[in-house]
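# Have a look at this fold, sequence not included:
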């Protein structure tokens with residue numbers, strides 16, 4: 001009960017912080033957005049990791065069943081499209097090409113996100129538990145920010161031209177930071193130890209947003225972390241024999257409280273550091289945490305198989321169809337026949353169907369705070 005009460009207090013406080021600041025019309029209509037620039041990790045990566053990885057590394061995401069719903073593998077960590085793809089569609093723009101892609105068009109934006117990336121600089125040898133497969137990238141948020149600056153400098157004649165371009169663009173700073181915690185938690189550090197990382201991770205994200213805003217960005221979205229206690233990888237590796245450790249949706253309370261603490265600190269920083277310093281810009285928090293819980297609680301009505309809502313579509317068996325020694329695409333694994341019925345694709349990432357539902361909830365619904373995009377509600381999520 002103490003854990004649940006603390007979580008409730010964090011959620012209420014964060015919501016009040018987020019919604020009492022900022023204007024939805026500060027930067028004009030989203031119909032004026034002609035380009036999207038994205039920094040982040042595997043939630044957003046549309047092909048950068050497979051471009052930067054040495055030959056033979058991360059082969060599974062280069063091949064089916066990854067991309068099976070899309071028709072072929074694209075480097076996305078899913079069976080198909082991601083939230084960033086649905087956001088681009090909603091804005092009437094093409095899908096964002098990965099920055100490391102060759103001979104690609106960047107007329108309408110660039111995706112700098114890299115699967116496995118962390119917010120803070122991290123030494124893989126220290127942080128990465130090599131006993132199981134999980135993408136690790138050295139292209140941290142600061143590396144991606146450097147790419148962004150280099151791209152803008154090489155693409156436009158002057159700082160003023162860059163500023164003009166960003167005035168008609170949308171910039172996403174994240175989701176990122178989740179891997180900083182994943183590598184530590186999967187590396188057998190306890191939650192109390194990993195909580196000490198939160199201030200540094202959040203400050204790195206906020207500092208990156210400041211640099212983007214200083215360059216002239218006037219529409220910035222900063223997503224929070226997911227309720228990781230509901231994800232098959234954590235439900236498997238951090239399972240408990242105590243029923244009291246789980247909430248009514250079958251999620252691990254301690255891990256969700258941890259994610260809520262990250263999100264609360266991030267929202268406070270947006271409210272206290274970013275919005276007062278950049279009053280002419282629209283800086284929004286994307287609430288991935290509560291939108292995911294909303295999706296999970298309404299899974300059946302949204303077309304998902306409620307009995308599989310916490311199981312991976314692609315895996316190697318077990319209660320949650322997740323085995324960290326045999327990740328999706330490896331020998332001995334198989335994908336479900338209907339990915340659209342599942343929320344989780346591979347135990348860590350979501351299916352195209354779930355990302356579509358999340359995109360509707362966040363970008364067309366009430367989980368973008370304040371609602372700086374006027375995409376309309378479209379189909380009900």
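Looks like it arrived, so ask away. Fair warning: this is a prediction, and the values are worked out from it, not measured in the lab.
# drop to CA atoms for contacts and neighbour counts, all remaining ones
Will do.
# How many residues are close by residue 376?
The tally of other residues near residue 376 (other Cα atoms under 10 Å) stands at 11.
# Tell me how far it lies from residue 366.
When distances are taken as Cα to Cα, to the nearest Å, residue 376 and residue 366 turn out to be 11 Å apart.
# shaky segments in the stretch 201-350 of the chain?
With pLDDT under 70 as the threshold, the stretch 201-350 of the chain has no low-confidence stretch at all.
# Kindly report the same for the stretch 51-200 of the chain.
Scanning the stretch 51-200 of the chain residue by residue, the ranges that satisfy pLDDT under 70 are 122-136.
# so where do the strands sit in it?
The residue ranges that make up the strands of the stretch 51-200 of the chain, judged by DSSP state E, counting those that start in this stretch, are 109-111, 169-173.
# Distance to residue 247 and mean neighbour count added to these, as JSON lines?
Rendered in JSON lines, the data for the strands of the stretch 51-200 of the chain read as follows (distance: least, Cα to Cα, whole Å; neighbours: other Cα atoms under 10 Å):
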{"stretch": "strand 109-111", "distance to residue 247": "36", "mean neighbour count": "24"}
{"stretch": "strand 169-173", "distance to residue 247": "30", "mean neighbour count": "23"}
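# As JSON lines, those with distance to residue 266 would be great.
Output for those, formatted as JSON lines (distance: least, Cα to Cα, whole Å):
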{"stretch": "strand 109-111", "distance to residue 266": "23"}
{"stretch": "strand 169-173", "distance to residue 266": "12"}
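# Minimum distance to residue 329: which of those has it?
Residue 329 lies closest, by Cα to Cα, to one member of the strands of the stretch 51-200 of the chain: strand 109-111, at 24.7 Å.
# what residues does that closest one touch?
Strand 109-111 is contacted from outside by 35, 36, 37, 38, 39, 44, 45, 46, 96, 97, 98, 99, using Cα atoms under 8 Å, 6 or more residues apart in numbering.
# wait, what's in contact with residue 308?
Residue 308 sits in contact with 341, 342, 343, where contact means Cα under 8 Å, 6+ apart.
# got the contact list for the first one?
Read it as residue 341. 303, 304, 305, 308, 353.
# Residue 80 versus the third one, what's the distance?
Using Cα to Cα, one gets 18 Å for the distance from residue 305 to residue 80.
# More neighbours: which of those two?
Comparing residue 305 with residue 80 by other Cα under 10 Å, the one with more neighbours is residue 80, at 25 against 17.
# wouldn't the more buried one be in contact with residue 61 here?
No - contact criterion Cα atoms under 8 Å: residue 80 and residue 61 do not qualify, at 11.5 Å.
# Dead centre of the protein: give me the residue that sits there.
With distances taken as Cα atoms, centre = their mean, residue 175 lies nearest the centre of the chain, 3.5 Å away.
# Does it touch residue 38 like I think?
No - Residue 175 lies out of contact with residue 38 (Cα under 8 Å); the separation is 9.4 Å.
# joint contacts of those two?
With Cα under 8 Å, 6+ apart as the test, residue 175 and residue 38 both reach residue 44.
# hmm, back to that, closest to residue 66 out of the contacts of residue 341?
Using Cα to Cα, the shortest approach to residue 66 within the contacts of residue 341 belongs to residue 353, at 14.0 Å.
# Sticking with that closest one, tell me its helix or strand.
helix 352-363 (DSSP states H and E).
# after that helix comes which helix or strand?
Per DSSP H and E, the first helix or strand lying C-terminal to helix 352-363 is strand 368-369.
# Partner strands of that following strand, with direction?
With DSSP bridges as the test, strand 368-369 is paired with strand 282-286 (antiparallel).
# Give me the next element, helix or strand, following the partner strand.
From strand 282-286 onward toward the C-terminus, using DSSP H and E, the following helix or strand is helix 288-297.
# if we look at that next one, which residues are touching it?
Outside of helix 288-297, the residues that reach it under the criterion Cα under 8 Å, 6+ apart are 223-227, 249, 260, 302, 309, 357-358, 361-362, 367.
# avg pLDDT for the helix holding residue 353?
Averaged across helix 352-363, the pLDDT comes to 97.
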